[in-house]
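Participant: For reference, the sequence and a predicted model appear below.
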Amino acid sequence: MLIVSQDKKKIANLATTELIDISEKFGIRVFQVSDMDSFLEIASYENEERANIVLNRLCSAYANNDKVFFMP
C-alpha cells in the first residue's frame with residue numbers, strides 16, 4: 001500500500017516501512033526499513049486523539065487491502 005502525505009508531496013511505500021508512529025507533536029512519522037535513524041513526517045494533527053484516529057484509519061485501509069491511503 002502507498003501512503004500519500006497530507007501535503008501530497010511525499011509517498012511512502014508500506015512494503016518498505018519498518019515503523020509508523022505518532023511524534024510528541026502529534027505528527028505521524030514513517031521509518032523506512034533501510035534507515036531507522038531518519039523518518040518522513042507524512043502528516044500532523046492538532047492533538048493526540050486526532051492522530052490516533054487517523055492512524056487507526058490507516059490500519060483499517062491496510063486490513064481492507066487498499067492500494068493507496070491519502071493522509072487527511
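Facilitator: On my side now, so go ahead.

Participant: helices or strands up against the helix or strand of the chain with the lowest mean pLDDT?
Facilitator: Across the helices and strands of the chain, mean pLDDT, DSSP states H and E gives its lowest value to strand 35-44, namely a mean of 83. Applying 3 or more CB pairs under 8 Å, 6 or more residues apart in numbering; DSSP states H and E, one finds that strand 35-44 contacts strand 27-32. From N, CA and C alone the C-beta is placed, and that goes for glycine too.

Participant: switch the cut-off to 10 Å
Facilitator: Packing partners of strand 35-44 (3 or more CB pairs under 10 Å, 6 or more residues apart in numbering; DSSP states H and E): strand 2-4, strand 11-13, strand 17-22, strand 27-32, helix 48-63.

Participant: Save those as TSV, and put in mean neighbour count, mean pLDDT and distance to residue 38 too.
Facilitator: TSV is the format used below for the helices and strands packed on strand 35-44 (neighbours: other CB atoms under 10 Å; pLDDT from 0 to 100; distance: least, CB to CB, whole Å):
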stretch	mean neighbour count	mean pLDDT	distance to residue 38
strand 2-4	17	97	17
strand 11-13	15	94	13
strand 17-22	14	94	11
strand 27-32	18	92	8
helix 48-63	14	97	20
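
Participant: And those: which comes nearest residue 41?
Facilitator: Residue 41 lies closest to strand 27-32 among those, at 4.6 Å (CB to CB).

Participant: Output the closest one in PDB with nothing but the alpha carbons.
Facilitator: Provided in PDB are the C-alpha atoms of strand 27-32 (Å, rounded to 0.1, in the frame of the first residue of the first chain):
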ATOM      1  CA  GLY A  27       2.800  14.100  13.700                       C
ATOM      2  CA  ILE A  28       2.600  10.800  12.000                       C
ATOM      3  CA  ARG A  29       6.100   9.500  11.000                       C
ATOM      4  CA  VAL A  30       7.200   6.700   8.800                       C
ATOM      5  CA  PHE A  31      10.500   4.900   9.300                       C
ATOM      6  CA  GLN A  32      11.800   3.000   6.300                       C
END
